[in-house]
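A.B. asks: When you get a sec, could you give me coordinates for this:
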Amino acid sequence: MKPTIRWLMVVAIVLASGVLQAQSSDRILIQGKARIYGQNLAAAKQAAIENALISAMEKKSYELTNQQILVNNAELLRLKLSENSSIFVKDYSLTDEKQINPFYLVQVNVQLKTSLLMQRLSQWGFSGKRTRNTNFFVVDFSSSEAIQKSSYNSMKENLAHALRGLGVGATSSGNVSSSMILISARLLQEQEKSVQVSVSFADAQRKLLDQFSAFYKKPDKPELLYGLIASDILEKSDSLANQNAGQGSQYDLAITGLPNASAYQNFRQYLFSKSNLFSSVEEKQLAYQKIVLGVSFHGNSQGLSDILSGIELGAFRTRVKSIEGQTITIELVQSASIR
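C.D. replies: Sure thing, here's the model as predicted:
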């Protein structure tokens with residue numbers, strides 16, 4: 001069998017199984033530790049494993065998305081990963097363990113669900129992808145009389161600050177523009193171990209768009225609560241921002257033939273660099289070799305097709321395969337095969 005044919009067969013097998021899923025199978029060898037309490041070695045071992053798994057998720061997060069936002073929100077990132085750690089682990093194996101008082105140390109070989117992690121990081125606001133198309137105005141943050149002495153009294157300004165820290169436009173003073181989403185939040189109750197908060201979204205005319213109520217395990221630091229609320233606001237308001245903007249036509253970009261996650265990241269960065277053309281870029285589907293992005297574009301589908309054709313992504317280039325209504329299918333092919 002000729003080497004070229006053998007290579008093509010290998011590529012076909014990889015594509016059939018899903019390159020992005022293969023990319024997500026990258027393993028990380030990482031250490032974790034936990035303090036031993038009362039000679040309870042079993043509990044310390046489990047805590048050390050959990051520490052290692054979360055550290056692996058942190059490491060991978062810094063490879064996948066906006067590093068500056070992660071650096072500014074390091075504690076918030078770890079808290080969000082701790083709350084959701086089990087869903088990102090495909091499997092792991094313990095390669096070493098030892099007791100060095102007062103700690104229990106482990107070494108873990110972990111396989112993460114990278115595509116899912118990347119999707120959630122974006123939803124939580126750590127990618128900064130909403131920077132150019134979303135602006136929030138924090139209208140108020142009133143509390144009941146029973147909790148006026150709460151450590152969360154000045155949440156209006158602090159919540160706006162937390163949103164800005166996640167890369168979006170947010171303010172608690174000044175004039176309201178027609179493109180802003182108004183946030184009205186209220187502290188419902190504060191207990192010893194939890195805090196309940198309600199948040200509502202409205203347009204510039206204060207017409208209610210959506211609302212939610214959530215319980216938060218009381219964080220050690222007040223600023224972490226603001227960060228948790230800000231992250232939930234971004235996750236729940238993503239579609240609202242596109243509706244509220246009322247600008248541009250909505251298209252779905254179905255991207256196929258992705259050789260790896262790096263090519264996708266490069267394509268996404270290209271879209272972000274064209275903020276004069278796209279008022280929003282939203283990840284709608286991440287599965288196997290197909291990724292669907294929702295974009296708001298100021299123009300028709302043929303104009304969008306022309307813009308999306310022939311984009312250089314390392315050894316690959318984009319080629320528009322089909323246009324069906326508001327869906328444009330794009331495939332990535334090796335540059336040498338483009339004519």
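A.B. asks: give me the number of residues near residue 87?
C.D. replies: Neighbours of residue 87 under the rule other CB atoms under 10 Å: 10. Using the backbone N, CA and C atoms, a C-beta is placed for each residue, glycine as well.
A.B. asks: try residue 107
C.D. replies: The burial count for residue 107: 16, using other CB under 10 Å.
A.B. asks: What's the end-to-end length of stretch 119-139?
C.D. replies: 29 Å (CA to CA, to the nearest Å).
A.B. asks: oh, I was asking about stretch 290-309
C.D. replies: Start-to-end, stretch 290-309 (CA to CA) is 17 Å.
A.B. asks: before we move on, what about stretch 168-179?
C.D. replies: 13 Å.
A.B. asks: Name the residues of that stretch that are buried.
C.D. replies: Across stretch 168-179, burial judged by 16 or more other CB atoms under 10 Å covers 168, 169, 170, 171, 172, 176, 179.
A.B. asks: doesn't residue 137 make contact with the fourth one?
C.D. replies: Just to be clear, that refers to residue 171. Yes - under the criterion of CB atoms under 8 Å, residue 171 makes contact with residue 137 at 6.0 Å.
A.B. asks: ok, which stretches of the stretch 1-150 of the chain are helices?
C.D. replies: All helices of the stretch 1-150 of the chain, identified by DSSP state H, counting those that start in this stretch, fall at 3-17, 19-23, 41-64, 67-72, 74-83, 114-123.
A.B. asks: In JSON lines: these, plus distance to residue 219.
C.D. replies: Putting those into JSON lines (distance: least, CB to CB, whole Å) gives the following:
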{"stretch": "helix 3-17", "distance to residue 219": "41"}
{"stretch": "helix 19-23", "distance to residue 219": "33"}
{"stretch": "helix 41-64", "distance to residue 219": "16"}
{"stretch": "helix 67-72", "distance to residue 219": "17"}
{"stretch": "helix 74-83", "distance to residue 219": "7"}
{"stretch": "helix 114-123", "distance to residue 219": "19"}
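A.B. asks: out of those helices, deepest packed?
C.D. replies: helix 114-123 (a mean of 21; mean count of other CB atoms under 10 Å).
A.B. asks: helices or strands up against that one?
C.D. replies: Contacting helix 114-123 under the criterion 3 or more CB pairs under 8 Å, 6 or more residues apart in numbering; DSSP states H and E are the following elements: helix 19-23, helix 41-64, helix 222-245, helix 261-273, strand 278-287.
A.B. asks: pLDDT of the fourth one, averaged?
C.D. replies: Translated: helix 261-273. What helix 261-273 shows for mean pLDDT is 81.
A.B. asks: buried residues in it?
C.D. replies: 261, 263, 264, 266, 267, 268, 271.
A.B. asks: ok, of those, which one's closest to residue 281?
C.D. replies: residue 271 (5.0 Å; CB to CB).
A.B. asks: Just give the nearest non-adjacent residue to the closest one, would you?
C.D. replies: Excluding the flanking residues, the one nearest residue 271 by CB to CB, 6 or more residues apart in numbering is residue 281, at 5.0 Å.
A.B. asks: mind checking how far residue 296 is from residue 249?
C.D. replies: To residue 249, residue 296 is 7 Å away according to CB to CB, to the nearest Å.
A.B. asks: The two: which is more packed in?
C.D. replies: residue 296 (20 against 13).
A.B. asks: The more buried one belongs to a strand?
C.D. replies: Yes - counting by DSSP: H, G, I helix; E, B strand; the rest coil, residue 296 is located in a strand.
A.B. asks: Just grab the bridge partners of it for me.
C.D. replies: In this entry, residue 296 is beta-bridged to residue 250, residue 280, by DSSP bridges.
A.B. asks: pretty sure it is touching residue 271, no?
C.D. replies: No - using CB under 8 Å, residue 296 is not in contact with residue 271; the gap is 11.0 Å.
A.B. asks: any shared contact partners between those two?
C.D. replies: residue 278 (CB atoms under 8 Å, 6 or more residues apart in numbering).
A.B. asks: returning to what we had before: wait, which of the helices and strands packed on helix 114-123 is closest to residue 80?
C.D. replies: Evaluated with CB to CB, these place helix 222-245 nearest to residue 80, the distance being 6.5 Å.
A.B. asks: Report the mean per-residue pLDDT for that closest one.
C.D. replies: For helix 222-245, the per-residue pLDDT averages 78.
A.B. asks: repeat for stretch 79-93
C.D. replies: 90.
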